[in-house]
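> Sequence and predicted structure below; questions after.
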Amino acid sequence: MALVVSKARPADLHRVGARATRQVAGRFMAQPDMPAIAVSLCENAWSLLDAERLFGVCGFVILRPGHAVCWAMFDDHVRAVPVHGLTGVIRKRIWVEMHQAGLRRLESTVDVHDRQALRWARIVGFEIEGLMRKSGIDAQDQWLIARIME
């Protein structure tokens, strides 16, 4: 499988969100102002595809110079893709985008019970910085993770 990373389009967010069964993605996609949000999110966003399928969309929102929060929505099928098939592509894309945007810090959160997501985040260069109690959409605990550009 040859994975490709391309500039995301708002339609990609809708396609992935419609297929994702995770509650957070479903609630996010159901917001009434989603078309405007999708256009805004796609400014710094990329789609992960192969010849047949859109696996996910990820990107970041700049909070202030040098500091951004990343987000991702993946189709449930992505969990069946071997990690090594995604790692190199995503790890390189993150470095390139951080460098081009002048970022020194990229952060996100991962549900404390989603071991696979945390494992993958660590593989692509994120480190756990701490526990954020009751910070999830359903008041679940989340790990604060970050990738720092040295």
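Good, I have the coordinates.
> This structure: helices as residue ranges?
Secondary structure of the chain (DSSP state H): helices at 10-19, 23-29, 34-41, 83-101, 115-123.
> By mean pLDDT, show me the worst of those helices.
Ranked by mean pLDDT, the helices of the chain end with helix 23-29 in last place, scoring a mean of 44.
> So which bits of the lengthiest strand in the chain are buried?
Criterion DSSP state E: the longest strand present in the chain is strand 54-64. Buried positions in strand 54-64, judged by neighbour count with 16 or more other CB atoms under 10 Å: 54-60. From N, CA and C alone the C-beta is placed, and that goes for glycine too.
> Parallel or antiparallel, list what pairs with that strand.
strand 45-49 (antiparallel), strand 67-74 (antiparallel) (DSSP bridges).
> for the record, mean pLDDT for that strand?
Per-residue scores along strand 54-64 average to 83.
> that older thread, least confident of the strands paired with strand 54-64, on average?
strand 45-49 (a mean of 78).
> relative to helix 83-101, how tilted is that strand?
Orientation check (axes from the mean of the first three to the mean of the last three CA atoms, to 10 degrees): strand 45-49 against helix 83-101 gives 160 degrees.
> Using CSV, write out the CA atom coordinates for strand 45-49.
Presented in CSV, the C-alpha positions along strand 45-49 are these (Å, rounded to 0.1, in the frame of the first residue of the first chain):
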residue,chain,number,x,y,z
ALA,A,45,-4.5,20.2,7.2
TRP,A,46,-3.6,17.1,5.2
SER,A,47,-5.4,14.0,4.0
LEU,A,48,-3.9,10.6,4.3
LEU,A,49,-4.9,8.4,1.3
